[in-house]
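Asks: kindly generate the corresponding structure for this input.
(one chain, ligands or ions: 2)
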Amino acid sequence: MEEWCKTIPKIELHAHLNGSIRDSTLLELARGLGEKGTIVFSDVEKVILKNDRSLVEVFKLFDLIHLITTDHESVSRITKEVVEDFAAENVVYLELRTTPKRNDSKAMSKESYMQAVVEGLRAVNNVDVDFACKLDAEATGNSHYDNGRYSGAERKKIYVRLLLSIDRRESTEAAMETVKLALQMKHLGVVGIDLSGNPVIGEWKTFLPALKFAKEQGLSITLHSGEVPNAEEVHAMLDFLPGRIGHACYFEEDHWRKLKSSKIPVEICLTSNIRTETIPSLDVHHFADLYSSEHPITLCTDDTGVFSTSLSHEYNLAASAFGLAKKEMYRLARNAVNFIFAGSQVKEELEEMFALASKELEM
Ligand SMILES: CNc1ncnc2c1ncn2[C@@H]1O[C@H](COP(=O)(O)O)[C@@H](O)[C@H]1O
Ligand SMILES: [Zn+2]
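Replies: Ligands and ions are numbered 1, 2, ... in the order given. A predicted model of the protein is given here:
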């Protein structure tokens with residue numbers, strides 16, 4: 001089944017750039033910094049290879065990862081590799097999210113950080129990357145990207161759209177800066193805003209002005225919701241009516257009621273939830289209830305690097321944990337087309353891709 005899950009076309013809607021780095025790359029970058037004396041490599045190596053990934057440990061690890069990757073060259077490199085890795089397992093549409101960062105010691109602004117991400121997208125060369133929105137592509141007379149590396153329709157193709165993340169550590173002003181940057185970058189495939197970061201830090205009211213502004217300006221919004229118990233915040237988030245939410249672990253009866261009546265799609269990250277212990281085991285995971293009540297859901301990885309997983313693995317896990325057959329898994333994968341933040345043109349093209357694939361798939 002895992003092999004089969006790899007062959008089906010898939011849509012990934014919840015993947016954090018810095019959580020999706022190959023171990024080998026992270027170690028290589030860390031070794032480089034070790035040689036320069038910026039870090040002690042052996043200490044860092046232990047943390048990278050360690051399996052303790054409780055929610056608290058995860059955010060300590062992210063601080064370390066950021067120390068290692070936050071320069072323009074590394075950001076471009078990890079972006080390129082992450083896209084290649086998703087494409088290699090037949091992800092046909094990837095919404096990649098990342099937190100634009102300022103790093104004065106590297107002359108990095110949030111804008112230059114994002115430019116480095118876009119450079120990474122342009123650098124992918126073993127698969128066609130469609131990342132600019134259609135309107136822009138038509139305006140330039142090129143339906144693929146514009147650096148002349150187009151090499152025919154029979155090549156594998158992946159659509160990549162970007163979400164800019166607001167970190168819960170940030171101020172209202174910093175969040176607003178991210179939203180403005182997202183608006184500036186719409187023509188480069190930025191389709192929305194994510195709210196993420198350590199869930200025990202920060203308050204909803206701090207981010208609300210920026211999120212409201214983003215929504216008014218036509219950006220789509222996804223929120224990490226209920227990763228820790230916070231009933232009031234979950235209510236406020238659901239009342240905001242985001243385009244999607246991630247996780248929904250610590251939801252109570254009235255949250256479920258509100259979620260289901262509003263039909264907000266949920267990004268489900270099984271391995272992440274188990275590893276961070278926000279859900280004790282798969283047999284009590286809310287996937288089962290949401291699936292059987294036909295609530296919109298989509299399987300996602302969250303952080304393939306940090307949790308040593310892949311989207312095919314997540315599909316396989318769901319199939320075995322919840323007893324789903326190939327037909328049902330295919331339908332689950334295809335259904336995600338409805339929840340992407342890109343426009344109707346991309347949706348139609350993805351529908352076509354799925355329809356074509358279904359003729360060849362053994363189900
Ligand atoms: C485990 N569950 C999670 N919950 C909340 N936020 C998470 C997360 N996993 C990742 N992030 C968010 O994504 C950042 C790393 O990618 P970027 O630097 O943005 O590319 C983390 O620092 C955190 O803010
Ligand atoms: Zn996440």
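Asks: enumerate the residues of the stretch 251-363 of the chain near ligand 1.
Replies: Proximity of the stretch 251-363 of the chain to ligand 1 (C-beta under 6 Å from any ligand atom) is limited to residues 272, 276, 302, 303. Every C-beta, even on glycine, is put in place using the N, C-alpha and C of the backbone.
Asks: which residues of the stretch 51-200 of the chain fall in strands?
Replies: For the stretch 51-200 of the chain, the strands defined by DSSP state E, counting those that start in this stretch cover 91-98, 128-130, 157-167, 190-196.
Asks: want to throw those strands into JSON lines with mean neighbour count, mean pLDDT and distance to residue 321?
Replies: Below are the strands of the stretch 51-200 of the chain laid out as JSON lines (neighbours: other C-beta atoms under 10 Å; pLDDT from 0 to 100; distance: least, C-beta to C-beta, whole Å):
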{"stretch": "strand 91-98", "mean neighbour count": "24", "mean pLDDT": "98", "distance to residue 321": "21"}
{"stretch": "strand 128-130", "mean neighbour count": "22", "mean pLDDT": "95", "distance to residue 321": "33"}
{"stretch": "strand 157-167", "mean neighbour count": "24", "mean pLDDT": "98", "distance to residue 321": "27"}
{"stretch": "strand 190-196", "mean neighbour count": "25", "mean pLDDT": "98", "distance to residue 321": "25"}
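Asks: from the residues of the stretch 251-363 of the chain next to ligand 1, which land in helices?
Replies: residue 272 (DSSP state H).
Asks: between the residues of the stretch 251-363 of the chain next to ligand 1, which has the most around it?
Replies: Tallying neighbours with other C-beta atoms under 10 Å puts residue 272 at the head of those, with 29 neighbours.
Asks: that older thread, need the strands of the stretch 51-200 of the chain in TSV with distance to ligand 1, can you?
Replies: Shown next, in TSV, are the strands of the stretch 51-200 of the chain (distance: least, C-beta to the nearest ligand atom, whole Å):
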stretch	distance to ligand 1
strand 91-98	4
strand 128-130	18
strand 157-167	5
strand 190-196	3
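Asks: possible to save those strands as JSON lines with distance to residue 250?
Replies: Compiled in JSON lines, the strands of the stretch 51-200 of the chain are given as follows (distance: least, C-beta to C-beta, whole Å):
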{"stretch": "strand 91-98", "distance to residue 250": "21"}
{"stretch": "strand 128-130", "distance to residue 250": "37"}
{"stretch": "strand 157-167", "distance to residue 250": "20"}
{"stretch": "strand 190-196", "distance to residue 250": "16"}
